[in-house]
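Trainee: Generate coordinates for the sequence data below:
(2 chains)
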2 protein chains.
Amino acid sequence: MNEFDFIKTYLANVPKDKAVLLGIGDDAAVVRPDLGRDLCVSSDMLLEGRHFFADAAPQDVAHKVLAVNLSDMAAMGARPRWVLLSAALPELDATWLRLFCDSFFALCAEYGVSLIGGDTTKGHSVFNVTIIGDVPQGLGLRRSGARVGDDVWVSGHIGSAAAALQHMLGKAVLPEPAAEHCRWALLRPVPRVALGQALLTLANAAQDISDGLIQDLTHILDASGVGAEIEEDRLPVLPVLRECLPEVVRRQCVLAGGDDYELLFTASPARRAEVEQAARQCQTEVCRIGRITAQRGLQVRDAAGRPIRLARGGYDHFA
Amino acid sequence: MNEFDFIKTYLANVPKDKAVLLGIGDDAAVVRPDLGRDLCVSSDMLLEGRHFFADAAPQDVAHKVLAVNLSDMAAMGARPRWVLLSAALPELDATWLRLFCDSFFALCAEYGVSLIGGDTTKGHSVFNVTIIGDVPQGLGLRRSGARVGDDVWVSGHIGSAAAALQHMLGKAVLPEPAAEHCRWALLRPVPRVALGQALLTLANAAQDISDGLIQDLTHILDASGVGAEIEEDRLPVLPVLRECLPEVVRRQCVLAGGDDYELLFTASPARRAEVEQAARQCQTEVCRIGRITAQRGLQVRDAAGRPIRLARGGYDHFA
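Mentor: The predicted structure is shown next:
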């Protein structure tokens, strides 16, 4: 199969989105943005051996490469619209491709996203997705809006994906079915797209947790010129992690593990009931974990109120 | 230097474009599209060892990864607006990065493009650029609009980049300064952005030549449901290629070499004078090389009017 057959066979399904005037197959796609909306645009690159294992299931790779981009849209409160997928692959294996594409398109359909372009080439496995979403003009959620006194919230559970990675690398042992649950969190993260949109007029600042709670919260704090106090025992962590992981490993996973793709956001305490209602409507758990302070810096306190020292702030791709 | 320092140091220059409401540094960029315009979106991935040599100068790599995307905008008649750059690099070398970024931003400035996002990660060298441009609603140039009787036009010269590659691989010998001229065509292609926009209401179909004249013209013919006759001796080829390359090598370079990033377009013979005037205003040479026929298929005829047979239609990344 050559590149052109590949594109024809797997990618050139005509999007049903009327805003897509021209899909895959020309020099560029043509789309018509809706009036009164800003566009949110983001790109993520995933490499074999760094972001996924060489023997990863194609369904999982496809899910993750799209989900991490959908998560960026969630963090902006954006409605995801269009994606472009560039893929370098060592070979074109029809079975692998079919599984990859089925999974990719299933997630596209679930979130109402159209694949409108991309590129294919031969090489070490690399995937790059660019995603375009939209928000009502001026409303996109930013990292820079946190205010002193805001509650700090996080969705879902954190630390599970990092715990799964430790388990898969043989550095920690999780019992089944918890191990499978955590593996699922690592391989099939659920982007919090509905929650992000529901928070558009509620949250003051938001981002998704990809590099770990500490690192990502620090981005919000730096961008907003504020600090925060977080209470460790309020963090939404699967009980099994508390039971089965040594404290140092658990803390590393929960505070600095990353790959959570949960939403981290701040909102005024006056909006607590609305935040909780919005979360219920999105069928997504949210949890208050601390508050924004005028005092710069981030304090994480244990159950006894003692500050926790961390060896590493987050995940740095070049460290 | 870590990933965050890298982004801060080299990429987070605030775009002066007022339509960029939020640039690099959040989960996504936020841009405001102009009223009454469609967006053209395209992505290209370039890999070391496949699209550029391992010892390629960073300035050349940066130029090419952006230029090929600008060329896609040219082929749509679009005004390039915003780009996202994802890069995998084996290491963060400050000198290399400075040279790469200076070249990248210089080309951005030349074409009025703002870098609004992307990703960086560690790995084999890979670059992916996504570009977003805009056109007046409904006017984007497509491959599918060629009409029987149209002239077939090409800009600039073709075959030079492929000849340079043959020369660099030791498979052909070009004398200086022609070799240097061709190397420049390969390493620093000039995207025909102004010409593309000037052709918006003149051309019936257009695309850029990346995979070779035959292959790319065939895309136009297939999309338009027509055929074409091309006259070999009308093709805009540097005289030195005719003088120095064996006929079979020259034909391969000119007809199937690719990497030209010239515009290939069709227009009614009634618009000839306007096409020539538009090209002059863009200071870009254009050349009529044949015509669109009702008879399907592509015929390339030599100076004696005999059909030329080609061993290979174009460049297929997985062949």
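Trainee: distance between stretch A:172-191 and the chain's centre?
Mentor: In terms of C-alpha atoms, centre = their mean, to the nearest Å, the centre of stretch A:172-191 is found 16 Å from the chain centre.
Trainee: I misspoke; the intended subject was stretch A:109-123.
Mentor: 18 Å.
Trainee: any idea of the pLDDT on A:Ile24?
Mentor: A:Ile24 is assigned 88 on the pLDDT scale.
Trainee: Beta-bridge partners for it, please?
Mentor: According to DSSP bridges, the residues that bridge with A:Ile24 are A:Asp26.
Trainee: That one: neighbouring residues, count only.
Mentor: The local packing of A:Ile24 (other C-beta atoms under 10 Å in any protein chain shown) involves 20 other residues. Heads up, the C-betas are built off the backbone N, CA and C, glycines and all.
Trainee: cool, the one 10 residues further on as well?
Mentor: Here the number of neighbours of A:Asp34 (other C-beta under 10 Å) works out to 12.
Trainee: One more: the one 10 residues further on?
Mentor: The local packing of A:Asp44 (other C-beta under 10 Å) involves 25 other residues.
Trainee: and the gap between it and A:Asn128?
Mentor: Distance of A:Asp44 to A:Asn128, computed by C-beta to C-beta, to the nearest Å: 7 Å.
Trainee: Where does the residue nearest to A:Pro246 when sequence neighbours are not counted sit: helix, strand or coil?
Mentor: Spatial nearest neighbour of A:Pro246, chain neighbours left out: A:Ala172 (7.8 Å); criterion: C-beta to C-beta, 6 or more residues apart in numbering or on different chains. What DSSP: H, G, I helix; E, B strand; the rest coil gives for A:Ala172 is coil.
Trainee: For A:Ala172, give me the pLDDT.
Mentor: 89.
Trainee: which helices and strands sit right next to whichever strand or helix holds A:Cys287?
Mentor: Applying DSSP states H and E as the criterion places A:Cys287 in strand A:286-293. On a contact count with 3 or more C-beta pairs under 8 Å, 6 or more residues apart in numbering or on different chains; DSSP states H and E, strand A:286-293 meets strand A:151-155, strand A:227-231, helix A:272-281.
Trainee: related to what we said a few turns ago, anything in contact with each of A:Asp44 and A:Asn128?
Mentor: Taking C-beta atoms under 8 Å, 6 or more residues apart in numbering or on different chains as the criterion, A:Asp44 and A:Asn128 both touch B:Ser86, B:Asp119.
Trainee: so what's the residue nearest to A:Leu22 when sequence neighbours are not counted bridging to?
Mentor: Spatial nearest neighbour of A:Leu22, excluding adjacent residues (C-beta to C-beta, 6+ apart): A:Val30 at 4.0 Å. Beta-bridge pairing for A:Val30 (DSSP bridges): A:Leu22, B:Cys40.
Trainee: since we're on A:Val30, how many residues are nearby?
Mentor: 26.
Trainee: who's in contact with it?
Mentor: A:Val20, A:Leu21, A:Leu22, B:Asp38, B:Leu39, B:Cys40, B:Val41, B:Met76, B:Val135, B:Gly140.
Trainee: between these, which has the most around it?
Mentor: Neighbour-wise, the contacts of A:Val30 (other C-beta under 10 Å) top out at B:Met76, 32 neighbours.
Trainee: Isn't that residue up against A:Leu21?
Mentor: No - when contacts are counted by C-beta atoms under 8 Å, B:Met76 is not listed as touching A:Leu21 (11.3 Å).
Trainee: Please enumerate the shared neighbours of those two.
Mentor: With C-beta under 8 Å, 6+ apart as the test, B:Met76 and A:Leu21 both reach A:Val30, B:Gly140.
Trainee: State the distance from the residue nearest to A:Pro246 to A:Cys244.
Mentor: From A:Ala172 across to A:Cys244, the span is 8 Å (C-beta to C-beta).
Trainee: and whichever strand or helix holds A:Leu241, what does it pack onto?
Mentor: A:Leu241 is part of helix A:239-244, with elements assigned from DSSP H and E. In terms of contacts (3+ C-beta pairs under 8 Å, 6+ apart), helix A:239-244 is packed against helix A:178-187, helix A:247-256.
Trainee: at 10 Å what do you get?
Mentor: Packing contacts for helix A:239-244, counted by 3 or more C-beta pairs under 10 Å, 6 or more residues apart in numbering or on different chains; DSSP states H and E, involve helix A:160-168, helix A:178-187, helix A:247-256.
Trainee: got the angle between the second one and helix A:247-256?
Mentor: When you say that, I think you mean helix A:178-187. On the basis of axes from the mean of the first three to the mean of the last three C-alpha atoms, to 10 degrees, helix A:178-187 is oriented at 30 degrees to helix A:247-256.
Trainee: what about the very next helix or strand once past helix A:178-187, distance to the chain center?
Mentor: Downstream of helix A:178-187, the first helix or strand assigned by DSSP H and E is helix A:193-198. Between the centre of helix A:193-198 and the centre of its host chain there is 13 Å, according to C-alpha atoms, centre = their mean.
Trainee: residues from the stretch 151-300 of chain A in reach of chain B?
Mentor: Residues of the stretch 151-300 of chain A found near chain B (C-beta under 10 Å from any C-beta of the partner chain) are A:196, A:205-208, A:210-211, A:215-216, A:218-219, A:222-223, A:263.
Trainee: thinking again about what came up before, mind listing the strands the strand holding A:Cys287 pairs with, and their directions?
Mentor: Applying DSSP bridges, one finds strand A:286-293 paired with strand A:151-155 (antiparallel), strand A:227-231 (antiparallel).
Trainee: Could you identify which of those strands is most buried?
Mentor: Most buried of the strands paired with strand A:286-293 by mean neighbour count (mean count of other C-beta atoms under 10 Å in any protein chain shown) is strand A:151-155; its value is a mean of 25.
Trainee: what residues go with each domain of chain A?
Mentor: A:3-136, A:143-301 (automatic domain parsing).
Trainee: which of those has the lowest average pLDDT?
Mentor: domain A:3-136 (a mean of 91).
Trainee: Touching, A:Leu264 and A:Asp151? I think so.
Mentor: No - using C-beta atoms under 10 Å as the test, A:Leu264 is too far from A:Asp151 to be in contact (11.6 Å).
Trainee: Overlap of the contact sets of these two?
Mentor: Shared contacts of A:Leu264 and A:Asp151, defined by C-beta atoms under 10 Å, 6 or more residues apart in numbering or on different chains, are found at A:Ala203, A:Ile289.
Trainee: Look at A:Ile214 and give its secondary structure.
Mentor: A:Ile214 falls in the helix class when you classify it by three-state DSSP.
Trainee: What's the local residue count around it?
Mentor: By the criterion of other C-beta under 10 Å, A:Ile214 has 22 neighbours.
Trainee: Distance from the chain centre to stretch A:226-242, please.
Mentor: Distance, centroid of stretch A:226-242 to centroid of chain: 19 Å (C-alpha atoms, centre = their mean).
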